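Peer 1: Quick check, what structure comes out for this input:
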Amino acid sequence: MKPKKRDRRSAPEAASRALPFDTWSVLAEPRSIVLGFVVATLCFYFVPLFSEKASIVWDAVDVQYSPQQYLSEMLHEGKLPTWTPYIFSGLPFLADPQVGAWYPLNWPILLLGVTPKAIEAELAVHALLAALGAWLLARDLLASRAGAVFAGVVFAFSGLFAETSSHVGPFQATSLLPWLLWAGRRAARSVRWLPVLAIVSGCLILIGHFQTALYSFFALAIWLAADLVLARVSLKRTGLAAAVAIAGGAVLSAVMVLPGLELTANSVRAGANFHENAAAALVPGALITLFNPNHYGAPGVEHYSGPPDITQFYFYMGIFCVPLALAGLATGLERWYALALIVPGIWYAFGPPAGLYSAITLLPGFRNVRAPIQMWFVAAMGLALLAGAGVSALRRRTKSTRLVVVLFALTAIDLYYWNMANNGLTYARQSYQVLYGDLQDRFQKAAAPLLQQPMYRIHHPSSHPAFGPLNGTLDTRMEVTFGYNPLELLRYSRYIAAAGKNPLLLNGLGVTAVIDSDGRFVHNPSALPRIYAPPSIASIANAGEAAARLENLNPANEGVVEGGAPIPDNRGVDVRITAYEGDTYRAHYISPHRALLRIAVPFFPGWRAEVDGQAAETLPVDYALTGVMVPAGTHDLVVHYRSTWLATGLAISVAGWFLALGWLGWAFKARTQASSSLENSRSQHASK
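Peer 2: Down below sits the predicted model:
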């Protein structure tokens, strides 16, 4: 017998021959993929994160940065701002879901301090979450590591997130969609995943963007239904997963939801019905941006030529995404999961003419949201999965590692060029100070002399970019009549609108200065005190009649009260404010008779009054403001705001989180013990 020939290749040469296979195996490991997504996200967001000549813009400043900076500063001062006097003459601040005060991933920056770069970091973190979530979802569905990674890349770095960069709440909520679908699919198969599903659902709601959360749960329902049919999972477990997602999400987010519902019911959105008036709907031309990013000129911003609202119609997912998605249509069950998201997502996005939108708006909640184009993110998730399926099919057919590497490299460069480096939707190419800070400093400096006056209030019909951020008065702690919020109180909004025709109403609001059309501050010597007794009080049966009286009302002579007895002679009351803290008024008064005191603060449930420690009745006066019925004599009055539902919501949420986290710990401990027992059993069997 001939001896076997020895391999004459040197050890280094042999190792080099094995390197490609070994390297690919290492790169394909989960820890390497996670690290790769982290590095990719840092590279993708490097300029907006670290460049001094880059800034967040639009709603990222007005809706997210200013409120979160204010909240952070108040928390550092040891205060919980349930009410703020710095916009709209007063607003239940913490009841506004868009602040994102209770979303756990916002807490680190709230504690460390909110800056424009911190808001950009929120975007980067959630882009990473989007990539990881899409990868996990695709990994379960496709059983292809390359396809799963590709799905994560084209979803997280797509035009969807580029266009949403100025809307931080929707950006964050969109990033959790794949996590919701992934947890839902697993929960339908194993009860130990139910607490994970509940936690993801709770976090999704706590972000504070109702519309995106609503659409995400709609997508979950479709996803679970498709899974039920395609994988023939248990109907009972699928129903349980859906119930846990809804109930668990509601319980964990009760601290935000209950106050938020109260605010919404009293806001300009109360009773909103967009069944027919859909606002922004998908137009066929926008679909061209899937493979032609410059179709409407959106990346350049200045030359945009598409439908109104530039932040809604840019979808670019890379030059290879659509061809790969078409290839993915030839796969098996994977395509039906993807199509279950794509078809309803696009169909709904077309709005009333397509039919599905009008049908779905008959369901609770859906009629209160508009702009069906915002359902696009559901379709984008499906397209990413379908493209991942195409990569999986390509990999199986060619068995070429190099081809996959080239595909990933070209896609990464392509997405970075169009969706970040040359895209004005993702960030502004100027510093925050240049865009907003200088204007805000100028406005604050011009208003400084007025702020020395006690109980001042500055009026302008609406917030204006010339003042800096539209909610910048939260940053500067300046009491004004304007602000920027879709949940502005309805009564107050109508009062301000009526003041446009009847300027005397501004006197009743305690406005001490008005900004005229030239941007100058004009002193108002006729401003009435924040707390005073109108000479006479007329009783009105309902809010409609009270609103009708605003056109001719002179608050210096008369007050209009709903639900209270008229007081023909309310004169002779002496009131002196002794302390004021934004959400609390303390006053000393002397009255020869039972009287109504008018307080120039927007009426809202939660305002309570006490006279010498005894509860006093509060009621709406002059349609939009707060009145207190007080007894005759010399007394001390305290009027303060305490959220009606915050304590209840907090108790429910705390209990829910303890239960969910305890359930999660128990489920995975039981799994670990079961795995350990199985391993011991196998070892004992092997030893025999």
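
Peer 1: so which helix or strand takes in His640?
Peer 2: Assigned by DSSP states H and E, His640 belongs to strand 633-641.

Peer 1: can you map out the helices along the stretch 351-500 of the chain?
Peer 2: Taking DSSP state H, counting those that start in this stretch, the helices of the stretch 351-500 of the chain run over residues 356-360, 376-398, 401-416, 432, 438-451, 473-476, 490-499.

Peer 1: Give the closest residue to Gly382 in space, chain neighbours not counted.
Peer 2: Leu341 (3.1 Å; Cβ to Cβ, 6 or more residues apart in numbering). C-beta coordinates here come from the backbone N, C-alpha and C atoms, glycine included.

Peer 1: sorry, back to before: nearest to Ala660 among the helices of the stretch 351-500 of the chain would be which one?
Peer 2: Proximity to Ala660, assessed across the helices of the stretch 351-500 of the chain by Cβ to Cβ, is greatest for helix 376-398 (24.7 Å).

Peer 1: buried residues in the closest one?
Peer 2: By 16 or more other Cβ atoms under 10 Å, the buried positions in helix 376-398 come out as 376-395.

Peer 1: what residues are up against the residue nearest to the spatial centre of the chain?
Peer 2: Centrality entry for the chain: nearest residue to the mean C-alpha point is Gly169, 2.5 Å, by Cα atoms, centre = their mean. Taking Cβ atoms under 8 Å, 6 or more residues apart in numbering as the contact definition, Gly169 lies against Val63, Gln64, Gln98, Gly100, Ile207, Gly208, His209, Thr212.

Peer 1: Let's have these in JSON lines, adding neighbour count.
Peer 2: Converted to JSON lines, the contacts of Gly169 look like this (neighbours: other Cβ atoms under 10 Å):
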{"residue": "Val63", "neighbour count": "26"}
{"residue": "Gln64", "neighbour count": "28"}
{"residue": "Gln98", "neighbour count": "21"}
{"residue": "Gly100", "neighbour count": "25"}
{"residue": "Ile207", "neighbour count": "28"}
{"residue": "Gly208", "neighbour count": "27"}
{"residue": "His209", "neighbour count": "24"}
{"residue": "Thr212", "neighbour count": "28"}
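
Peer 1: With secondary structure and distance to Ala143 as added columns, please give those residues in JSON lines.
Peer 2: Shown next, in JSON lines, are those (DSSP: H, G, I helix; E, B strand; the rest coil; distance: Cβ to Cβ, whole Å):
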{"residue": "Val63", "secondary structure": "helix", "distance to Ala143": "41"}
{"residue": "Gln64", "secondary structure": "helix", "distance to Ala143": "39"}
{"residue": "Gln98", "secondary structure": "helix", "distance to Ala143": "39"}
{"residue": "Gly100", "secondary structure": "coil", "distance to Ala143": "36"}
{"residue": "Ile207", "secondary structure": "coil", "distance to Ala143": "31"}
{"residue": "Gly208", "secondary structure": "coil", "distance to Ala143": "36"}
{"residue": "His209", "secondary structure": "coil", "distance to Ala143": "33"}
{"residue": "Thr212", "secondary structure": "helix", "distance to Ala143": "29"}
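
Peer 1: Can you tell me which of these lies closest to Val573?
Peer 2: Of all those, Val573 sits closest to Gln98, with 40.0 Å by Cβ to Cβ.

Peer 1: Now do the contacts for Phe443.
Peer 2: So Phe443 contacts Ala466, Phe467, Gly468, Gly472, Thr476 (Cβ under 8 Å, 6+ apart).

Peer 1: One more pass at 6 Å, please.
Peer 2: Phe467, Gly468 (Cβ atoms under 6 Å, 6 or more residues apart in numbering).

Peer 1: now Leu141
Peer 2: Per Cβ under 6 Å, 6+ apart, neighbours of Leu141: Glu334, Tyr337.

Peer 1: cool, and Thr411?
Peer 2: The neighbourhood of Thr411, defined by Cβ under 6 Å, 6+ apart, consists of Gly318, Phe320.

Peer 1: rerun at 7 Å
Peer 2: Contacts here follow Cβ atoms under 7 Å, 6 or more residues apart in numbering; on that basis Thr411 touches Val153, Val154, Gly318, Phe320.

Peer 1: same thing with Ser539?
Peer 2: Applying Cβ under 7 Å, 6+ apart, the residues contacting Ser539 are Val561, Gly564, Ala565, Pro566.

Peer 1: Buried ones among those residues?
Peer 2: Burial by neighbour count, 16+ other Cβ under 10 Å: within the contacts of Ser539 this picks out Val561, Gly564.

Peer 1: between the contacts of Ser539, which is nearest Arg530?
Peer 2: Among the contacts of Ser539, and counting by Cβ to Cβ, the member closest to Arg530 is Val561, at 17.7 Å.

Peer 1: Wait, the closest one touches Val628, no?
Peer 2: No - at 10.6 Å, Val561 does not count as touching Val628 under the criterion of Cβ atoms under 7 Å.

Peer 1: and Leu128, how many residues sit next to it?
Peer 2: 21 (other Cβ atoms under 10 Å).

Peer 1: Spell out the secondary structure type for it.
Peer 2: Assigned with DSSP: H, G, I helix; E, B strand; the rest coil, Leu128 falls in the helix class.

Peer 1: Kindly report the same for Leu339.
Peer 2: helix.

Peer 1: One more: Gly627?
Peer 2: Classified using three-state DSSP, Gly627 is strand.

Peer 1: For it, report the pLDDT, please.
Peer 2: We have a pLDDT of 96 for Gly627.

Peer 1: residues in contact with it?
Peer 2: Gly627 touches Gly559, Val561, Leu596, Leu597, Arg598, Thr618, Leu619, Pro620, Val621, counting by Cβ under 7 Å, 6+ apart.
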